[in-house]
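>>> this is a predicted model, with the sequence first.
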Amino acid sequence: MSKNKIKGKVDVDIAISINLTLTVGEAKALGAIVAYGSKPFLGFFYEKLGTLQLSPHEEDMILLFKTISTDLNPQIKRIDTATKAINKALKELNNEQN
């Protein structure tokens, strides 16, 4: 009985998508953290808390900061603009009723 051997290299890419629901306040808090920038944030974090937990994830954390700045901050601005417009309309409506 002969055994066939297969030799080669296999690369596997796995993509996972995670949806996260935040309140407006939580989104703004996250945006405020990211506003410091990844390098200053890491410097402060490492100085105060050490590198053990975050160091293995540093590259991904930098990418996370970039993603949040790119994707989340414009949405927060849209929410703020919509909130101001709604509040203005409500104020005008209240003034008309009085």
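That came in fine, so what should we check first?
>>> point to the residue nearest the middle of the chain.
The centroid of the chain falls nearest to I68 when counting by C-alpha atoms, centre = their mean (3.5 Å).
>>> that one contacts G31, doesn't it?
Yes - using C-beta atoms under 8 Å, I68 is in contact with G31, at 6.8 Å. For every residue, glycine as well, the C-beta is placed using N, CA and C.
>>> ok, and the closest non-adjacent residue to the residue nearest to the centre of the chain?
Excluding its sequence neighbours, the residue lying closest to I68 (C-beta to C-beta, 6 or more residues apart in numbering) is V34, at 4.6 Å.
>>> OK, contacts around the one you found?
41, 65, 68-69, 72-73 (C-beta atoms under 8 Å, 6 or more residues apart in numbering).
>>> so what secondary structure elements neighbour the longest helix anywhere in the chain?
If you go by DSSP state H, the chain has its longest helix at helix 73-97. Contacts defined by 3 or more C-beta pairs under 8 Å, 6 or more residues apart in numbering; DSSP states H and E place helix 73-97 against helix 24-34.
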